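Novice: Need coordinates for the below:
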Amino acid sequence: MDGVDWIWREETLRFLPQRAVWREAGRQLMVADLHLGKAEAFQAHGIPLPSDGDRGTLNPLLDLCHTWVPDQLLLLGDLIHAREGLTPALRQTLLHLHELCDCEVVLIGGNHDRHSWIEGLPQQPSRQLGSLWLSHIPERSPVPGLLNICGHLHPMTRLRSRADRLRLPCFAFDPAADRLVVPAFGQLTGGHDCGDGYVQWLVADGAIVPWFDPRVQKQERRAA
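Specialist: Below is the predicted model:
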């Protein structure tokens, strides 16, 4: 199947071009920052956006689940964009999300999920999974030696040439903090440049492209 395997200590994770992480050891699929209901939340504040953005996010998620057949879908926060976007139709979809995905669904609460009640998807705190520490906002693991996998930052990389500029989502690993930041899964989400402190894998044209490793850059400068 598509994707690139990445080994961190005893964990093997696969970065998927659909902006998700697959963990074969427990058959877990991880995604972050869906921001469902964003269009409706903007409409509530008088900003016109088309209301079919959720379809462009949910359908790819269901396709991923049907392809990989996970035992567990882990949502790393910001499932919704705002309480105003939780329409009755979206509430019904989320209530039956485990049936649609045909697996257990776990929501680790994000800052946008705060103060919102989602029937059938209680918000869980950050948690340990094997050698991983799963959270929404980047945080230090309370157990030494765990890899923090999180969302929240919507990492992107800026590519430049003389005539063109392009911004692409990426998986971003901070070796100084033992942290992997997952790109936003939602169709209507923006992104932020992750900077040169991260090892980066671009999501481009249905593929994962290893792009930048600051550790290699330092070694090359020392050898020059």
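Novice: Grab the most central residue of this protein for me.
Specialist: residue 32 (2.9 Å; C-alpha atoms, centre = their mean).
Novice: what stretches of this protein score poorly on pLDDT?
Specialist: Applying pLDDT under 70 to the chain flags the ranges 1, 38-53, 161-163, 216-224.
Novice: need the longest strand for it.
Specialist: strand 165-174 (DSSP state E).
Novice: Please spell out which residues along the single longest helix found in the chain are buried.
Specialist: Using DSSP state H, we find that the single longest helix of the chain is helix 53-68. Buried positions in helix 53-68, judged by neighbour count with 16 or more other C-beta atoms under 10 Å: 53, 54, 57, 58, 60, 61, 64, 65, 68. Heads up, the C-betas are built off the backbone N, CA and C, glycines and all.
Novice: and that helix, how far out from the chain's middle?
Specialist: The chain centroid and the centroid of helix 53-68 are separated by 13 Å under C-alpha atoms, centre = their mean, to the nearest Å.
Novice: burial of residue 155, as a residue count?
Specialist: 24 (other C-beta atoms under 10 Å).
Novice: what does residue 94 give?
Specialist: Residue 94: 22 neighbours (other C-beta under 10 Å).
Novice: Report the angle between the strand or helix carrying it and helix 53-68.
Specialist: In the assignment (DSSP states H and E), residue 94 maps to helix 88-95. Here helix 88-95 points in a direction 20 degrees away from that of helix 53-68 (axes from the mean of the first three to the mean of the last three C-alpha atoms, to 10 degrees).
Novice: Which strands or helices does helix 88-95 pack on?
Specialist: On a contact count with 3 or more C-beta pairs under 8 Å, 6 or more residues apart in numbering; DSSP states H and E, helix 88-95 meets helix 53-68.
Novice: Residue 32 and residue 20: what is the separation?
Specialist: According to C-beta to C-beta, to the nearest Å, residue 32 and residue 20 sit 9 Å apart.
Novice: Quick check: neighbours shared by the two?
Specialist: 182, 185 (C-beta atoms under 8 Å, 6 or more residues apart in numbering).
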